[in-house]
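K.L.:
3D, please:
(chains A, B, C and D)
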2 protein chains.
Amino acid sequence: MLTDRQLLILQVIVDDFIRSAQPVGSRSLSKKEGITFSSATIRNEMADLEEMGYLEKTHTSSGRVPSEKGYRYYVDHLLSPQVLTKHDISVIKSIFAEKIFEFEKIIQKSAKILSDLTNYTSIVLGPAVSENKLKKIQIIPLNKDTAVAIFVTDTGHVENRTLSLPASVDASDIEKIVNILNERLTGVPVEDLNDKIYKEVAVLLKQHIHEHDVMLHTLAQLLKVPVTEKLFFGGKMNMLSMPEFHDITKIRNLLTIIDQEEWISNLRNNAKGIHVKIGSENNISAMEECSLITATYSAGDEKLGTIAILGPTRMEYSRVISLLQFFSRDLTAVLTKLYQSE
Amino acid sequence: MLTDRQLLILQVIVDDFIRSAQPVGSRSLSKKEGITFSSATIRNEMADLEEMGYLEKTHTSSGRVPSEKGYRYYVDHLLSPQVLTKHDISVIKSIFAEKIFEFEKIIQKSAKILSDLTNYTSIVLGPAVSENKLKKIQIIPLNKDTAVAIFVTDTGHVENRTLSLPASVDASDIEKIVNILNERLTGVPVEDLNDKIYKEVAVLLKQHIHEHDVMLHTLAQLLKVPVTEKLFFGGKMNMLSMPEFHDITKIRNLLTIIDQEEWISNLRNNAKGIHVKIGSENNISAMEECSLITATYSAGDEKLGTIAILGPTRMEYSRVISLLQFFSRDLTAVLTKLYQSE
DNA sequence: GTTAGCACTCATCAATTGAGAGTGCTAATT
DNA sequence: AATTAGCACTCTCAATTGATGAGTGCTAAC
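P.N.:
This next block holds a predicted model:
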């Protein structure tokens, strides 16, 4: 167990390192406010903290730097919640100031503002479309053998696909198909559409449409294409200013990873609330020097999406957590009000 | 005017510098194949070329580097068209191999493949939506005071907006509105929609709809939001590997510019054919060490979009131009075949 | 238990050096 | 008159050195 003095020293080291990105030495530490003991004492304590794995040295005679374990302890036990400034609050409120409510615009703006406020990279995930329920399907012919299929979900998400029509299918057929689809598929979650098509729609198509097998195949093809999940970034380039990423190859790896959407979609599975992943906890080698703080937002009780801030492990945890907390609460309030009118 | 020997020297210097990124000295040049004169002669010629502005020195006793003027001359007069390898050709052909024709997918894939083939950054612009003609408008209510408006254009582009409905507007009103809109606006270029709404639709709304003024205002609001032009990037991070961009701040400026879409939309105004912009010809300070090669693609005679490759001024002009030429011809052929069936 | 003191380590910076690649100029060669 | 060999000179780059300073660990004194 850590003594009070060790906790204090750990906290001050982490705070200082977060601010300066420089290893913290015993002498400079001893001069800090609130530190009443000498540098020698601090050295002894530091040695103990290092042995326990909370601190590290960059080379034999450098100051100490927090280890991942150190950050983890700091986040779990030593974090003093930061009070947001009036400016922070007003900037966040400004996101919701616009009159026309366009969900996509809101989360896009959120990504921008969160990265500006933190100077880190922000990632905002929209509601998982695959869980949305279908509201309406339309098929709009463009010319004699191409058409656009449009799917609208209950949250207002619009998905569209181009399809090629069999030569023998005419306008009245399409009308019939669209009617069947809407009748059978309205209210069905997007992820179940493919199933339903085969189970329920196939039979009806057979009864009413000449080229039912070709059409069935075409429709199924359309639904195979994964839906475009809404996803916005802010401040991708902020990482370039961090001293820990002065190395071109590191930056390259990191930015390349950021652009890959696989790991991001995993964020959707996060439980409600705020989560902090530090360094290797992210399980991605290019992100070993990064921390990721995620929060969720909801409408009523239903979790809709996720907001994340990506920064160096030397991240302002306290500030970012406060910002995310405040932002997610605000966004949830707005969305709850909006959707309860349904 | 330049002598044949000066032309030869200029060409070899540019070729060599493109390959190595190292200043070219007279001695190493004299050993090159096809060079039959001594290093001293070359030094004299180099001095002349420098005086005329085709070459530069990085410092007093370094080798020579092509100047912008040098590159310009090289591109305009010395370029030997590069023959594409079988591999290049088959990779490009593979873009069009898929059966389902989804335009967006094709240009997205094109961006990826062009950046892989060149190791530069590729930018692919879809057809200018604002010139598309409206095919169909739909308004789909989500709940009692929100709805989604969907616009489909003749090229199959789908644009959607969320709108809030005045309380007094009911389903039958919406149906009427949609009918009026479709009757009056089908075939109208997207960029003229706003005009037409006021000129023609306003009157009709007044006759048939109670809340015509609110609805008119809402509709006009919707059309004010700029359309989302299709735009895809490939290999943004390729620039990080170029020796000329080893400097973090340069990279930061460049990547930040790339992400801004203003300058890219200007590319739409390009005339048909291939264009090369070298360094400061781009009129963007962060791109002073970059060249941009653009090509257009069409369907039949109608220009649809633009493809661009962004690389360092020390770019493999010959290869990139050949690739773009081949690619744009192929894409145009595919699109022409597709749209002539209308 | 705490701290002063000291020997020691290591990074960083500036100055120095030598090698190498390159130039410009001049004088000799063709 | 054009070309080239030769040479002095310039500049970069990498390696070396030494001084400085921030830091540590340990020991002995408080």
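K.L.:
you'd agree residue A:43 is in a strand?
P.N.:
No: remark: residue A:43 does not belong to a strand; assigned using DSSP: H, G, I helix; E, B strand; the rest coil, it is helix.
K.L.:
What is the burial count for the nearest residue to residue A:27 once chain neighbours are set aside?
P.N.:
Leaving aside its chain neighbours, residue A:27 sits nearest to residue A:39 (4.6 Å; criterion: Cβ to Cβ, 6 or more residues apart in numbering or on different chains). Where you see a C-beta, it was placed from the backbone N, CA and C, and this is true even at glycine. As a burial measure, the neighbour count of residue A:39 was computed by other Cβ atoms under 10 Å in any protein chain shown and equals 16.
K.L.:
Correct me if wrong: residue A:39 contacts residue A:9.
P.N.:
No: using Cβ atoms under 8 Å, residue A:39 is not in contact with residue A:9, being 11.4 Å away.
K.L.:
who touches both of those two?
P.N.:
Shared between the contact lists of residue A:39 and residue A:9 (criterion: Cβ atoms under 8 Å, 6 or more residues apart in numbering or on different chains) are residues residue A:29.
K.L.:
what does chain A put close to DNA strand D?
P.N.:
For chain A, the residues found near DNA strand D under the criterion Cβ under 7 Å from any atom of the strand are A:23-28, A:39-40, A:43, A:46-47, A:50, A:57, A:60-64.
K.L.:
Quick check: pLDDT value at the residue nearest to residue A:27.
P.N.:
Here the pLDDT value assigned to residue A:39 is 91.
K.L.:
Spit out the contact partners of it.
P.N.:
Applying Cβ under 8 Å, 6+ apart to residue A:39 gives the contacts A:26-27, A:29-30.
K.L.:
pLDDT weak spots in the stretch 151-300 of chain A?
P.N.:
Scanning the stretch 151-300 of chain A for pLDDT under 70 picks out nothing.
K.L.:
Tell me which residue in it sits closest to DNA strand C.
P.N.:
At 10.8 Å from DNA strand C, residue A:243 is the closest residue in the stretch 151-300 of chain A, using Cβ to the nearest atom of the strand.
K.L.:
and residue A:48, which of the three is it?
P.N.:
Bear in mind the rule, three-state DSSP; under it residue A:48 is helix.
K.L.:
Quickly note the distance from the closest residue to it other than its chain neighbours to DNA strand D.
P.N.:
What sits nearest to residue A:48 in space, not counting adjacent residues and going by Cβ to Cβ, 6+ apart, is residue A:6, at 6.8 Å. Between residue A:6 and DNA strand D the computed distance is 14 Å (Cβ to the nearest atom of the strand, to the nearest Å).
K.L.:
So which elements touch the helix or strand hosting residue A:6?
P.N.:
Element membership for residue A:6 (DSSP states H and E) is helix A:4-20. The contact analysis (3 or more Cβ pairs under 8 Å, 6 or more residues apart in numbering or on different chains; DSSP states H and E) places helix A:4-20 against helix A:26-30, helix A:39-51, strand A:64-66, helix A:68-73.
K.L.:
in it, what counts as buried?
P.N.:
The neighbour-count check on helix A:4-20 (16 or more other Cβ atoms under 10 Å in any protein chain shown) flags A:6-18 as buried.
K.L.:
Redo those residues as CSV? Include distance to DNA strand C and pLDDT.
P.N.:
Listed next are the buried residues of helix A:4-20 as CSV, based on distance: Cβ to the nearest atom of the strand, whole Å; pLDDT from 0 to 100:
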residue, distance to DNA strand C, pLDDT
A:6, 11, 94
A:7, 14, 94
A:8, 12, 93
A:9, 12, 94
A:10, 16, 95
A:11, 18, 95
A:12, 15, 94
A:13, 17, 95
A:14, 21, 96
A:15, 21, 95
A:16, 18, 94
A:17, 15, 95
A:18, 19, 95
